[in-house]
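Undergrad: What follows is a predicted protein model with its sequence.
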Amino acid sequence: MTAALEKLRKVALRLLQAVPTVFGILVVCFLLTRALPGDPAAYFAGDMADAESIEEVRRTMGLDQSLPMQFVSYLKDLAQGNLGMAISTGQPVTAELANRLPASLELTLGALVLSFLIAVPLGVLAATRPNTWIDHLCRFLVTAGVSLPTFFTGLALMYVFYYLLDWAPAPMGRLDLMFLPPEPITGFLTIDAIIAGDWEVLRAALAQLALPTITLALFTLAPIARMTRAAMLQAIASEFVRTARAAGLSGRRVLVTYAFRNALLPVVTTLGMVFSFVLGANVLVEKVFAWPGIGSFAVEALVVSDYAAVQGFVLSMALLFVALNLLIDVIYTLIDPRVGEEA
Amino acid sequence: MNRRNFLKGATSLTVGASLLPLFKSLPAAAANNETAVVVIGGTINSLDIHRSGTNRDSYQVAINCYDRLVSFGTKQMPDGSLSYDYDNVQPELAESWEISEDGTEMLFTIKEGATFWDGKPVTAHDVKWSLDRAVSLGGFPTVQMKAGRLVSPDQFQVVDDRTFRITLPFASKLALPDLATPIPIVINSEVAKAHATPDDPWATEYLHRNPAGSGAYKVARWDAGQQLVYERNDNWSGGRVPGFQRVILREVPAQSTRRALIERGSVHASVNIPNKDAKELASKPGVKVVSTPIENCIYSLCTNVDFEPFKDKRVRQAIAWAIPYQKIFEQAAYEQGIPMWGGTSTVDNIQWPQKSPYNQNIEKARALMAEAGYADGFEVPLSFNLSHADWAEPAALQIQQGLAEIGIRTTIEKIPGANWRTIALVEKKLPLHLENFGGWLNTPDYYFFWAYIKGNLFNSYNYDNPEMAKLVEDTLDMAVDHPDYAPNVTRMIELAFDEIPRIPLWQPTLNVAFNDKVEGYEYWFHRQMDIRALKPV
């Protein structure tokens, strides 16, 4: 009981520590967006607008006030959960994030699960059988994954599987044209379809997911496979594995319980890093597959100096990172035998 | 109603934004006579064209979902494709109109039986409320209304429920055509007023998401950032009943994806495709490309007269003689469009755009440079808008090579789209840049008004000539059959070519690709897809 309370206290403390970080990010992001060149008021007033109407737009956007005043009113709105309007898309930022974050998460998580399922066994096999064909295959995939830009892989896959073979559905977003999305509960189409029991929609959603997921998985596979292989090699060469072998434990047991469990730690760290990196960086995949995700939203907003949208994006990413780091620490305590014993 | 029955009963369904079309599985191919799928690269960010911040792609909602008092007729282009006809104003909501002898009063009679989607008859009160809104909200709508000499609500008068009067301060040939642009839409004022608030008297928040019109299509569904689904209004009184029951507009940002979709036949139309694709797709079976020259639009190289060497007319002429026009036309335009160089040395007609007298002639250019005292050339940045990189980048590279031959050393600067407006058009501080202005209202004097009058937006090169200013002022509202009209316009063109602050390269085209299941496409000056004209083959 006390142990559980102790853990909770640690989690709360970690969250509390994140507050100044997030606030700092808010300030920096606010200042950076204002430092961007270009005049959003002029841009949003439209091509033919005259000086008077540009001023009017500036007033409605609140950009005629001083920077500190703008920041105060931004914080006030934020306290009420209001992230403002994304002018480039005409929607409230909260609505955009609520729609787009799940789309990106579904894609990214799908890709990570897929690449994890392929990369970890591949890395382990490559480490246990160095310089065999499987090691070479691992090396080939890793090199390819790192060196092929995602938009290229995406276009190539689309060309083969949609254009030439017609196996994949038309790359037009999350759901084929004629399917009605299920009642949004989680925002993840696949999960919502399962909740609604709508198997046809689930199939359609998975079909749309397939190509972008494989594209991203190829990209994320590389660091995970490499890290697994390196960590396994190190673990296998370590003294505790030698000791375990000397003690006569079976090869399988040595490999799984001793070597692999230890090797998993850096892999999980890499996984967290790759996840947070990919979530923001899969813009190109989103563009190619017309995926209404958060990356393309943020880039578009940045290009037109849509302050509210950029700030909303950065804030949500910051919160996501804090949550993710926490989650990874928790996973550590689960898989790291040393941490487990202390608790 | 279950999802499959919906398809059968679709025609009788009244669709609100919340009541969605519950179609479940209906491949584009199987639904060819009912549904068309159109892909665009941009995004729809509002359903209200009057709202500030509404982008260009969203104008199509005003076109397809709302009616104006008047519209334009159709004409056939030399290549057999269809285009709107600027010289032929046709009824849309108005069944007839009379213009007073002195041209300052226009009296419109609204069609008997014209109704909004909710069944309410369209009245002159709705027209007044809507036009008042367009001149009052500021921003682009107000500027566009001003082009037609419509500036104040006082000019709009309700005579009776079906009669509406517009008073102009003076007669102008631009007033009637301006009423046919996407801006002066007629909104269901009762619905809008019911959602107006003291802070928002023009119901911009409501109409942003919920169109309330009388147009040919209603918005059945809008998933911002993904798609817009149009559903036909079978009671439309504005014109011929459209061919498709439903049109799905999907946003696909990547050009290569859009190309794959149209080549595979998964979609019916891909709007505004690049010149390169237009050229390549034209030869593919099952794909039809319609390329229409964009009226009153010229891709040009502009020389800012604030930049010291460009103050001398001879330097500007030298540049015009140094440009490798043909190479640009091949490599930037992929030969889509109309060459705007190599014309006659005298102006003998008032057609616009027309070919400039310039051609690539390095000898002549060098001589002019020497005459102006710049035999050794100078350095100048050459800028273009990054959003137009598909044509501007290859054009800039060719220009760079051409100018190098007469000693002008250029560095190419790419300016992001969001900053372009401020730097190029508002602050007007780019010495040498590529520009793409096109006027909605199709008369040469309208083009000259925006591009050759000091201070006006598209005069991004600070050109200032009292003679030109006087000519434009005299001609802008003048009827085209006025005896002074042709001489005035001729003189404007002569001045523009002699002083050459804006060097014409070519007249671009609007390229749209179709699969073989759709026909009836018509080009419009606003460059948006008018889905009302489309029909199944």
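TA: Great, that's in hand. Numbers count the residues shown, from 1 in each chain, chains lettered A, B, ... in the order given.

Undergrad: Need the three-state assignment for B:Glu379.
TA: Here B:Glu379 is strand, with the state taken from DSSP: H, G, I helix; E, B strand; the rest coil.

Undergrad: meant to ask about B:Thr422
TA: Under three-state DSSP, B:Thr422 comes out as helix.

Undergrad: what's the neighbour count on residue 165?
TA: Just going to use chain A. 9 (other Cβ atoms under 10 Å in any protein chain shown). In this view, the C-beta of every residue, glycine as well, is placed from N, C-alpha and C.

Undergrad: if you could check chain B rather than the one you did, that'd help
TA: Neighbours of B:Arg165 under the rule other Cβ under 10 Å: 17.

Undergrad: residues in contact with it?
TA: By Cβ atoms under 8 Å, 6 or more residues apart in numbering or on different chains, B:Arg165 lies in contact with B:Glu105, B:Met106, B:Leu107, B:Phe108, B:Phe156, B:Gln157, B:Val158, B:Val159.

Undergrad: which of the residues you listed count as buried?
TA: Applying 16 or more other Cβ atoms under 10 Å in any protein chain shown to those, the neighbour count classes B:Met106, B:Leu107, B:Phe108, B:Phe156, B:Val158 as buried.

Undergrad: Which single one of those residues is nearest to chain A?
TA: Using Cβ to the nearest Cβ, B:Phe156 comes nearest to chain A of those, at 20.0 Å.

Undergrad: What about chain A: which of the buried ones among the contacts of B:Arg165 touch it?
TA: When contact is defined as Cβ under 8 Å from any Cβ of the partner chain, the buried ones among the contacts of B:Arg165 do not meet chain A at all.

Undergrad: Setting aside sequence neighbours, what's the nearest residue to B:Ser266?
TA: The shortest distance from B:Ser266 to any non-neighbouring residue, by Cβ to Cβ, 6 or more residues apart in numbering or on different chains, is to A:Ala170 (4.1 Å).

Undergrad: ok, so what distance separates A:Thr333 from A:Leu265?
TA: According to Cβ to Cβ, to the nearest Å, A:Thr333 stands 11 Å off from A:Leu265.

Undergrad: which of these two has more neighbours?
TA: When neighbours are counted by other Cβ under 10 Å, A:Leu265 comes out ahead of the other of A:Thr333 and A:Leu265, with 18 against 14.

Undergrad: just checking, the more buried one touches A:Asp336?
TA: Yes: A:Leu265 is within contact range of A:Asp336, at 6.0 Å (criterion: Cβ atoms under 8 Å).

Undergrad: Alongside chain A, which residues does the stretch 401-537 of chain B contribute?
TA: So the stretch 401-537 of chain B meets chain A at B:Pro416, B:Gly417, B:Ala418, B:Asn419, B:Arg421, B:Thr422, B:Val426, B:Leu457 (Cβ under 8 Å from any Cβ).

Undergrad: If we ignore the residues flanking it in sequence, what's nearest B:Leu301?
TA: B:Ile503 (4.4 Å).

Undergrad: ok, that neighbour - how many residues close by?
TA: Look at B:Ile503: counted by other Cβ under 10 Å, it has 26 neighbours.

Undergrad: Could you list the low-confidence segments of the stretch 51-200 of chain B?
TA: Residues of the stretch 51-200 of chain B meeting the criterion pLDDT under 70: none.

Undergrad: Write out the residues of it neighbouring chain A.
TA: Counting by Cβ under 8 Å from any Cβ, the stretch 51-200 of chain B sits next to chain A at B:51-56, B:58, B:138-140, B:142-144.

Undergrad: ok, so of those, who is nearest B:Lys355?
TA: B:Arg56 (28.6 Å; Cβ to Cβ).

Undergrad: any idea how far that closest one lies from B:Tyr521?
TA: Relative to B:Tyr521, and taking Cβ to Cβ, B:Arg56 is found at 19 Å.

Undergrad: so residue 279 is in which element?
TA: No chain specified, so I'll use chain A. Element membership of A:Leu279 [criterion: DSSP states H and E] is helix A:261-281.

Undergrad: ah, I was thinking of chain B
TA: Using DSSP H and E, B:Lys279 maps to helix B:275-281.

Undergrad: Then B:Glu231?
TA: strand B:227-232.

Undergrad: what's that strand packed up against?
TA: In terms of contacts (3 or more Cβ pairs under 8 Å, 6 or more residues apart in numbering or on different chains; DSSP states H and E), strand B:227-232 is packed against helix B:59-65, strand B:217-223, strand B:246-251.

Undergrad: Mind checking what helix or strand follows the shortest one in sequence?
TA: Think strand B:246-251. Proceeding C-terminally, strand B:246-251 gives way to helix B:255-264 as the next helix or strand, assigned by DSSP H and E.

Undergrad: Show me which residues of the helix or strand hosting A:Leu206 are buried.
TA: Per DSSP H and E: A:Leu206 is located in helix A:199-237. Buried residues in helix A:199-237, counting neighbours by 16+ other Cβ under 10 Å, are found at A:201-202, A:204-205, A:208-233, A:235-236.

Undergrad: Quick one: mean pLDDT for the next helix-or-strand element following it?
TA: Next helix or strand after helix A:199-237 toward the C-terminus (DSSP H and E): helix A:239-246. Mean per-residue pLDDT for helix A:239-246: 88.

Undergrad: is chain B contacted by stretch A:59-72?
TA: Yes: on the criterion Cβ under 8 Å from any Cβ, stretch A:59-72 is in touch with chain B at A:Thr60.

Undergrad: show me where pLDDT drops low in the chain?
TA: This is for chain A. A:1, A:46-49, A:280-281, A:337-343.

Undergrad: switch to chain B, that's the one I care about
TA: The model of chain B has pLDDT under 70 over residues B:1-32.

Undergrad: again, only using 50
TA: Within chain B, the ranges that satisfy pLDDT under 50 run B:1-30.

Undergrad: Show me it divided up by domain.
TA: As given by the TED database, the domain ranges for chain B are B:27-66+B:215-292+B:510-536, B:298-507.

Undergrad: In CSV, list those domains along with distance to B:Pro169.
TA: CSV is the format used below for the domains of chain B (distance: least, Cβ to Cβ, whole Å):
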stretch, distance to B:Pro169
domain B:27-66+B:215-292+B:510-536, 23
domain B:298-507, 10
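
Undergrad: Show me what from the stretch 151-300 of chain A comes close to chain B.
TA: A:151, A:155, A:158-159, A:162-163, A:166, A:170-174, A:177-180, A:200, A:287-290, A:292, A:296-297, A:300.

Undergrad: beta partners of B:Ala94?
TA: B:Ile110 (DSSP bridges).

Undergrad: So what's the residue count around it?
TA: Neighbourhood size, B:Ala94 [other Cβ under 10 Å]: 27.

Undergrad: That one against B:Leu69, yeah?
TA: Yes: if you go by Cβ under 8 Å, B:Ala94 and B:Leu69 touch, sitting 4.3 Å apart.

Undergrad: joint contacts of these two?
TA: Common neighbours of B:Ala94 and B:Leu69 (Cβ under 8 Å, 6+ apart) are B:Phe108, B:Ile110, B:Phe164.

Undergrad: doesn't the first one fall inside a helix?
TA: Looking back up the chat, that one is B:Phe108. No: counting by three-state DSSP, B:Phe108 is located in no helix; its state is strand.

Undergrad: Could you pull out the strands in the stretch 301-450 of chain B for me?
TA: B:338-339, B:378-385, B:408-415, B:432-435 (DSSP state E, counting those that start in this stretch).

Undergrad: For the closest residue to A:Pro102 other than its chain neighbours, give its distance to B:Leu301.
TA: Nearest non-adjacent residue to A:Pro102, counting by Cβ to Cβ, 6+ apart: A:Gly187, 2.9 Å away. The gap separating A:Gly187 from B:Leu301 is 49 Å, by Cβ to Cβ.
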